[in-house]
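S.K.: Just to be clear, the model below is a prediction. Sequence and coordinates:
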Amino acid sequence: MISAGTLSRPALRRLLRQTRRTLSPLEQKRAARDLYRQLAQHPLFRRARHVALYLPEDGEIDPRPLLREAQKRGKATYLPVLKAWPPTRMVFQRLRPGEKLVRNRFRILEPRANGSQQRPVWTLDLVLLPLVGFDEDGGRLGMGGGFYDRSLAYRARRKNWQKPTLLGLAHECQKVDRLPLASWDVRLQATVTDGGWYRGN
């Protein structure tokens, strides 16, 4: 476990990104397999009909085995798509098996924007989020752009809303003793790693 200590958020982000980048391809493959085993038969995943995931970048743990499993089971799957305007927003868009993807302005693959295939976040059942760091209290440190926090801000304001369930996905090495959170940070119900579950708020 990494101690946040007196590190600033940018310094902690740099350290954690470097830590996950040092994982070998074999370690990444094993982590993806173990993550799949943690989640594929869990009731939260089994019951969800509308599931948002992400495509891994920069050493993030790989949820693509879960994406393929969700599609195999007939679930509707979604990926984040950046909006052209305002440029700080993103939406979740349906991804169908075999669909061609394009690179966004950050060079991350996403479906070609199509408003008819986009779904309001509060109608999703489960959102599997990438992260840079996490703690055992549901804290999540992202890449710093705030896209997920803005997209999920309604959930922080409305405590009685139950959907979607927010699960962070991470390598075990991304765990921090305690994250310094900002007022706009959205807490997770849990974080799932290749090593196990960490219940959040």
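M.R.: Nice, thanks for sending it over.
S.K.: mind listing the helices for the protein?
M.R.: 9-21, 25-39, 43-47, 64-72, 147-151, 153-157 (DSSP state H).
S.K.: would CSV of those helices with mean pLDDT, mean neighbour count and distance to Gly195 be doable?
M.R.: C-beta coordinates here come from the backbone N, C-alpha and C atoms, glycine included. Shown next, in CSV, are the helices of the chain (pLDDT from 0 to 100; neighbours: other CB atoms under 10 Å; distance: least, CB to CB, whole Å):
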stretch, mean pLDDT, mean neighbour count, distance to Gly195
helix 9-21, 92, 15, 14
helix 25-39, 97, 16, 7
helix 43-47, 97, 13, 18
helix 64-72, 98, 17, 16
helix 147-151, 80, 18, 23
helix 153-157, 57, 13, 26
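S.K.: could I get the ones you listed as a markdown table with distance to Asp177?
M.R.: Below are those laid out as a markdown table (distance: least, CB to CB, whole Å):
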| stretch | distance to Asp177 |
| --- | --- |
| helix 9-21 | 11 |
| helix 25-39 | 21 |
| helix 43-47 | 26 |
| helix 64-72 | 28 |
| helix 147-151 | 22 |
| helix 153-157 | 23 |
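S.K.: which one of those lies closest to Leu82?
M.R.: Closest of the helices of the chain to Leu82 is helix 147-151, at 7.4 Å (criterion: CB to CB).
S.K.: who touches the closest one?
M.R.: 80, 82, 88-92, 121, 129, 142, 184-186 (CB atoms under 8 Å, 6 or more residues apart in numbering).
S.K.: Nearest to Arg112 among those residues?
M.R.: Using CB to CB, those come closest to Arg112 at Leu82, 11.8 Å.
S.K.: circling back: which one of the helices of the chain lies closest to Arg178?
M.R.: Closest among the helices of the chain, using CB to CB: helix 9-21, at 11.0 Å.
S.K.: Can you check which of the helices of the chain gets nearest to Trp197?
M.R.: helix 25-39 (6.8 Å).
S.K.: quick one: which of the helices of the chain is nearest Lys175?
M.R.: Proximity to Lys175 (CB to CB) singles out helix 9-21 among those, at 9.4 Å.
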